[in-house]
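Quick one, fold the following:
(one chain, ligands or ions: 1)
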Amino acid sequence: MSTDSAAILDLGFTERLSVVRAAIEQRLDELLPESGNERDLVALAMRDSALAPGKRMRPVLLMLIAQGLGHEGTAALDLGCAVELIHAASLVLDDMPCMDNASLRRGKPTVHLKFGEDVAILTAVALLSRAFGVIASIADLAPTIRTQLVELAANAVGMQGLVRGQFLDLRDGQHSRSAEDIAMTNDLKTGVLFGAIVDMAWLISHGAENARAPLQNFAMELGQAFQMYDDLCDGCSDTGKDSGKDLGKSTFVSVYGEEKVKAQLHLHLANAETHLRQVFNDVHMIEGFMAMVFKKRF
Ligand code: GRG
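Numbering: from 1, shown residues only. Below you'll find the model as predicted:
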């Protein structure tokens, strides 16, 4: 963590989370400096999309897990912010007319509506390349670790991750799909990035070999739960996003109905917690954060 780790550990849940969140907001702001030129629309859109108020679930988790594994220093903060930039890039593209055709994101007009489709595409590419640049230049890490981090991020974005998940979702989501197909797409769209996050935290913390697999299992269960949560929220009006975007699409909610999906979501969360407890004695920060994100609604 960037700030004094020992002092942070003494704080209660809410205060500790506030410190972590404030550090993330400040670092994101620093990583995307204002250009000072109002015609520099890509720079404006990068800040507009990435600094808009998201849950910051990915950087918070990365920092909490790294901290739990004993990491000290600034690498977790920079890595978490880089992952948040990747996530922001994926949202900009996901909202475009050729994909979800969304008008609202994080309570604001989507990037292509505000700045144009050309700027939206360039913004996503620029956010992605900024993210890789940040990971490749993190201080205080051995070059071999940095290379592995870049590889983890590349795999999470590409054909083994977000890109493949999105493609399957766009093209196969229009037809009926088996539960296995939906689960695989959800893994790729959401779980793989969580998997990269826990692996990154493990790598920079020099975690014990036997912690890696349970952390991966935790990430996959969390990914399934989170995609279910996201699908359940599709009908809600207070998410800062368009509602009803999944109408006509095959998701767990459309196949099994809300009640069954809520029960399944809780099962995935319980499994995630079991895996987490195999690694950490003290899980109250991570579980507290998960409870905040999920149980707020379901
Ligand atoms: C080039 C990075 C890149 C991606 C290309 C467009 C695409 C492929 C992938 C999109 C995949 C996608 C939209 C996954 C959904 C993930 C998800 C559940 C998003 C919502 O995340 P939250 O709720 O959002 O954490 P906030 O706004 O809180 O950050």
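
Spell out the residue ranges of the helices in the stretch 151-298 of the chain.
162-172, 179-186, 192-204, 209-232, 252-256, 258-279, 284-295 (DSSP state H, counting those that start in this stretch).

ok, the spatially closest residue to residue 196 that is not a sequence neighbour - how many residues close by?
What sits nearest to residue 196 in space, not counting adjacent residues and going by C-beta to C-beta, 6 or more residues apart in numbering, is residue 156, at 3.8 Å. Using the backbone N, CA and C atoms, a C-beta is placed for each residue, glycine as well. Neighbour count of residue 156, defined by other C-beta atoms under 10 Å: 23.

right, so the helices of the stretch 151-298 of the chain: which one is the most enclosed?
helix 192-204 (a mean of 25; mean count of other C-beta atoms under 10 Å).

the inter-axis angle of that one versus helix 209-232?
150 degrees (axes from the mean of the first three to the mean of the last three C-alpha atoms, to 10 degrees).

would you put the C-alpha positions of helix 192-204 in CSV?
Extracted in CSV, the C-alpha atoms of helix 192-204 (Å, rounded to 0.1, in the frame of the first residue of the first chain):
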residue,chain,number,x,y,z
VAL,A,192,-10.5,-13.9,-15.7
LEU,A,193,-9.8,-10.3,-14.8
PHE,A,194,-10.4,-11.1,-11.1
GLY,A,195,-8.1,-14.1,-11.6
ALA,A,196,-5.4,-11.7,-13.0
ILE,A,197,-5.9,-9.4,-10.0
VAL,A,198,-5.3,-12.1,-7.4
ASP,A,199,-2.3,-13.5,-9.3
MET,A,200,-0.9,-10.0,-9.5
ALA,A,201,-1.3,-9.5,-5.8
TRP,A,202,0.2,-12.9,-5.1
LEU,A,203,3.2,-12.2,-7.4
ILE,A,204,4.2,-8.8,-5.9
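
other SSEs contacting it?
Here helix 192-204 touches helix 57-68, helix 75-94, helix 143-157, helix 162-172, helix 209-232, going by 3 or more C-beta pairs under 8 Å, 6 or more residues apart in numbering; DSSP states H and E.

Quick check on whichever residue of the stretch 1-150 of the chain sits closest to the ligand: phi, psi?
Closest residue of the stretch 1-150 of the chain to the ligand, C-beta to the nearest ligand atom: residue 54 (2.9 Å). As for residue 54, its main-chain torsions (degrees, to the nearest 10) stand at phi -100, psi 180.

Excluding chain neighbours, give the residue nearest to it in space.
residue 106 (5.7 Å).

Just the CA trace of stretch 172-187, in CSV.
Extracted in CSV, the C-alpha atoms of stretch 172-187 (Å, rounded to 0.1, in the frame of the first residue of the first chain):
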residue,chain,number,x,y,z
ASP,A,172,-24.1,-16.3,-28.8
GLY,A,173,-26.1,-14.3,-26.3
GLN,A,174,-28.8,-13.7,-28.9
HIS,A,175,-29.5,-17.4,-29.1
SER,A,176,-30.4,-19.8,-26.3
ARG,A,177,-27.3,-21.1,-24.5
SER,A,178,-26.6,-23.9,-22.2
ALA,A,179,-25.8,-23.1,-18.5
GLU,A,180,-22.2,-24.2,-19.2
ASP,A,181,-21.9,-21.8,-22.1
ILE,A,182,-23.2,-18.9,-20.1
ALA,A,183,-20.9,-19.8,-17.2
MET,A,184,-17.9,-19.9,-19.5
THR,A,185,-18.7,-16.6,-21.0
ASN,A,186,-19.1,-15.1,-17.6
ASP,A,187,-15.8,-16.5,-16.5
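
hmm, that stretch touching the ligand?
No - Stretch 172-187 stays clear of the ligand (C-beta under 6 Å from any ligand atom), getting no nearer than 8.9 Å.

shouldn't residue 212 be in contact with residue 199?
Yes - with contacts counted by C-beta atoms under 8 Å, residue 212 reaches residue 199, the gap being 7.2 Å.

So, low pLDDT: which residues of the protein?
1-10, 296-297 (pLDDT under 70).

rerun at 90
1-11, 139-140, 174, 235-238, 245-249, 294-298 (pLDDT under 90).

Close to the ligand: what parts of it are there?
54-55, 57, 86, 89-90, 93-94, 106, 124, 128, 157, 162-163, 165-166, 189-190, 226-227, 230.

Could you tell me how many residues sit around residue 150?
With other C-beta under 10 Å as criterion, residue 150 counts 17.

In contact with it, which residues?
132, 135, 136 (C-beta atoms under 8 Å, 6 or more residues apart in numbering).

and those residues as CSV, adding neighbour count and secondary structure?
Below are these laid out as CSV (neighbours: other C-beta atoms under 10 Å; DSSP: H, G, I helix; E, B strand; the rest coil):
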residue, neighbour count, secondary structure
132, 17, helix
135, 26, helix
136, 14, helix
